[in-house]
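Engineer: Got a sequence here, can you build the structure:
(one chain, ligands or ions: 3)
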Amino acid sequence: MKQQTYSHRGGAMAGTFLLLLPFLFPSLFNPLGRASPSILSEWSAPKPRHSRLLKSALQRRTSSEEQADLWRPLAKQGWKPCAKSDTTLNLPEKSRGYIQVFLDGGLNQQRMGICDAVAVAKILNATLVIPHLEVNPVWQDSSTFMDIFDVDHFINILQDDILIVKEVPVEFYWSTREYYATGIRATRVKTAPVHASANWYTENVLPVLQSYGIAAIAPFSHRLAFDDMSKDIQRLRCKVNFQALAFVPHIRALGNSLINRLRYPAQGSEVSTNYLEELDNTNKKKGAGKFVVLHLRFDKDMAAHSACEFGGGKAERLALAKYRQVIWQGRVLNSQFTDEELRSQGRCPLTPEEIGLLLAALGFDNSTRLYLASHKVYGGEARILTLRDLFPLMEDKKSLTSSEERASIKGKASLLAAVDYYVSMHSDIFISASPGNMHNAVVAHRTYENRKTIRPSMALLGQLFLNKTLTWPEFQEAIREKHKNRQGQIRLRKTGQSLYTYPAPDCMCNA
Ligand SMILES: *[C@@H]1O[C@H](CO)[C@@H](O)[C@H](O)[C@H]1NC(C)=O
Ligand SMILES: *[C@@H]1O[C@H](CO)[C@@H](O)[C@H](O)[C@H]1NC(C)=O
Ligand SMILES: *[C@@H]1O[C@H](CO)[C@@H](O)[C@H](O)[C@H]1NC(C)=O
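Structural biologist: Residues are numbered from 1 along each chain as shown. Ligands and ions are numbered 1, 2, ... in the order given. As a prediction, the model looks like this:
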């Protein structure tokens, strides 16, 4: 098993964390080479760690003004989406050849790779072959581009920008993923540096195209720079990310059913328009009919890698230490710090309990419809229980759909992630408990559409949770104060940062 490198900083990018995104399915990723240990061997059921705050949170009351404030859409900020190019870039008169890329990672990392592949094809005046998605060793999902994304929509939206083919033409049939796996091949470009410039591609890939008519670039993740790139190329990347990449119809349909059931609970998805309007009108004042998506990453890899403590007692401490030993041979930088030091620096993933307290402090009451965009949570239902106590109307993919409805996505990590992405995009409020590719992708997409997104301050939360004398009103005030400006306000991309995390100003114009 390859060593995993994690970063807890959202914007940074480096080749070293191609597999940054969490292990959504820890059960598939079993370093100990045996069945997952039973719950009992691994922890005593985690107890709430902040019982005093929790007690107050369970009795919280929020006024209707507070509710209205919380659910009010984000005010206009003087920016609007503009993925379209000012100048018309014309299609090349003659294609210089075919570009193939093989993309690693999970859904959201592959998404960035697709955007970059279109940009590179444009830089080279080449024809893009629909990207090949590698099977991720962790998630084991063999879904292809066409299984996830609406390929005709993709080609159609980009038809004035680049030439795209669904597969290589007959004379290049030999140029397959398997062909490159078995030897050194002249048409494979292996050496693209992380964040390569446009010039790097014209100097190193164009000659391959000229000699052979085709070039396969792999690895390709994070292989195109964000800085010193022409405005047209930046806009094209935005256009791919925000316009050309749409999920296949059955994913959108499932997503829409989920959204409907969240907005109009207990009625299923097929309710009449009249009924919906009526419901909408009566509920508008209370902010009912709205929902918040919580993207929760709390898997064993993250828990172990953080080296923090999570309330599961000695058994859990030992289990996580053992995991660190097996996967990273103990080389986890965080291990040299105490739990307290890590917490005060905001370096511990929030537990479901802590996220529940955060949401309660922000003013979400117990009638809030909360959609949990998450896969396996380390500790299972026992660990989620406190969050569920605070938010009894918590739902997820499974609770809202029948197994027949889920049959087409069952066991397919990328499709499951796609559904969560879709629901996340359509929620009134999105909140992500810890950084990663999914967090970055959704935060960026919601920024682009000026939708409310709460970004928890990990450092503040770490410090507040360490203070054992803090009262609920003090906790609540500190949380609200700190998060006033963390609700989706535009943050302009700085040098070195990713366009796929910070879409302004590259993808947005002054309104
Ligand atoms: C691509 O085409 C454009 C416009 O036709 C031209 O200016 C540019 O030099 C070409 N680049 C390459 C690498 O062929
Ligand atoms: C929310 O809390 C109130 C007051 O504590 C309680 O009466 C009500 O039943 C709760 N609602 C839900 C959905 O649990
Ligand atoms: C805990 O919070 C209270 C109230 O804000 C504060 O007075 C106290 O100094 C804090 N204690 C620590 C150890 O930070």
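Engineer: Quick one: distance of stretch 238-249 to the chain centre.
Structural biologist: Taking C-alpha atoms, centre = their mean, to the nearest Å, one finds the center of stretch 238-249 at 15 Å from the center of the full chain.
Engineer: ugh, typo on my part, it should be stretch 224-239
Structural biologist: 21 Å.
Engineer: what's across from Phe102 in the sheet?
Structural biologist: The partner list for Phe102 in beta bridges (DSSP bridges) reads His132.
Engineer: Isn't it up against Arg177?
Structural biologist: Yes: using C-beta atoms under 8 Å, Phe102 makes contact with Arg177 at a distance of 5.9 Å. Using the backbone N, CA and C atoms, a C-beta is placed for each residue, glycine as well.
Engineer: distance of Leu463 from ligand 2?
Structural biologist: Not Leu; residue 463 is Gln. To ligand 2, Gln463 is 29 Å away according to C-beta to the nearest ligand atom, to the nearest Å.
Engineer: Just give the nearest non-adjacent residue to that residue, would you?
Structural biologist: Among residues not flanking Gln463 along the chain, Ser344 sits closest, at 5.4 Å (C-beta to C-beta, 6 or more residues apart in numbering).
Engineer: who touches that neighbour in this structure?
Structural biologist: By C-beta atoms under 8 Å, 6 or more residues apart in numbering, the residues touching Ser344 are Ala459, Gly462, Gln463, Leu466.
Engineer: Mind giving me the PyMOL select for these, buried ones only?
Structural biologist: To isolate the buried members of the contacts of Ser344 in PyMOL, using 16 or more other C-beta atoms under 10 Å:
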select buried, resi 462+463
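Engineer: Quick check: the farthest pair among the contacts of Ser344?
Structural biologist: Using C-beta to C-beta, the contacts of Ser344 span at most 11.2 Å, a distance reached by Ala459 and Leu466.
Engineer: in what helix or strand does the residue of the chain found nearest ligand 2 lie?
Structural biologist: Closest approach between the chain and ligand 2, counting by C-beta to the nearest ligand atom: Asn366, at 3.7 Å. Following DSSP states H and E, one finds Asn366 outside all helices and strands.
Engineer: swap in Ile114?
Structural biologist: If you go by DSSP H and E, Ile114 is part of helix 107-124.
Engineer: elements contacting that helix?
Structural biologist: strand 98-103, strand 127-129, helix 198-204, helix 231-239, helix 413-426, helix 437-448 (3 or more C-beta pairs under 8 Å, 6 or more residues apart in numbering; DSSP states H and E).
Engineer: quick revisit: which one's more surrounded, Phe102 and Arg177?
Structural biologist: Higher neighbour count among Phe102 and Arg177: Phe102, with 19 against 12, using other C-beta atoms under 10 Å.
Engineer: Could you measure from the residue nearest to Gln463 over to Arg480?
Structural biologist: Ser344 is 21 Å from Arg480, where distance means C-beta to C-beta, to the nearest Å.
Engineer: can you check Pro169 too?
Structural biologist: Distance, Pro169 to Arg480, using C-beta to C-beta: 60 Å.
Engineer: Tell me which stretches of the protein form strands.
Structural biologist: Listed in chain order, the strands of the chain (DSSP state E) span residues 79-81, 98-103, 127-129, 132-133, 163-165, 188-189, 214-217, 291-295, 369-373, 394-395, 429-432, 453-454, 508-510.
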